[in-house]
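Colleague: Give the three-dimensional model of this entry:
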Amino acid sequence: MTRRGAYVCGIDAAIDVVGGKWKVLILWALEAGPGRFGELRRGIPGITEKVLASHLRELEADRIVSREETSEGAVRRVTYALTPLGVSLNEALGPLGAWGREHLLQERGAPQEAP
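Modeller: Residues are numbered from 1 along each chain as shown. Model (predicted):
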């Protein structure tokens, strides 16, 4: 998992894995179950194909997401899913999402469906 060497603490290591705006949204989208690239792209407004592909590769390299490729005739289908490590990471992010809903979304009157 290490991309940048020694970590100072566990939070430092975890932030390296989920750092940035998009990775936690990818994890949130996969919480509902496995998804194909196009489904993820449509389900995460604003993410570009390039960024989604890059982040999925990184999450796969970190063993957070698995990639399964199947062929149905001439059609190749790629499905992404959370690994057990990814599920445990989503569970760890759950309290952070609850804190955001309680303290930030309510103040701004935003919908409370996101993590």
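Colleague: For the helix or strand where Leu56 lies, list every residue counted as buried.
Modeller: Using DSSP states H and E, Leu56 maps to helix 49-61. By neighbour count on 16 or more other Cβ atoms under 10 Å, the buried set for helix 49-61 is Val51, Leu52, His55, Leu56, Glu58, Leu59. For every residue, glycine as well, the C-beta is placed using N, CA and C.
Colleague: which helices and strands sit right next to that helix?
Modeller: helix 22-31, helix 37-43, strand 65-72 (3 or more Cβ pairs under 8 Å, 6 or more residues apart in numbering; DSSP states H and E).
Colleague: That helix vs helix 22-31, what angle?
Modeller: 70 degrees (axes from the mean of the first three to the mean of the last three Cα atoms, to 10 degrees).
Colleague: okay, which residue is most central for the chain?
Modeller: In the chain, the residue lying closest to the centroid (Cα atoms, centre = their mean) is Leu27, at 2.4 Å.
Colleague: just checking, it touches Gly86?
Modeller: Yes: counting by Cβ atoms under 8 Å, Gly86 is a contact partner of Leu27 at 6.5 Å.
Colleague: what is in contact with these two at once?
Modeller: Listed as contacting both Leu27 and Gly86 by Cβ atoms under 8 Å, 6 or more residues apart in numbering are Leu59, Ile64.
Colleague: hang on, the earlier thing: wait, what's in contact with the residue nearest to the centre of the chain?
Modeller: Each residue near Leu27 by Cβ under 8 Å, 6+ apart is listed here: Val18, Leu59, Ile64, Leu82, Gly86, Leu89, Asn90, Leu93, Pro115.
Colleague: ok, those vs Thr70, which is closest?
Modeller: Comparing the contacts of Leu27 against Thr70 with Cβ to Cβ picks out Leu82 as the nearest, at 18.1 Å.
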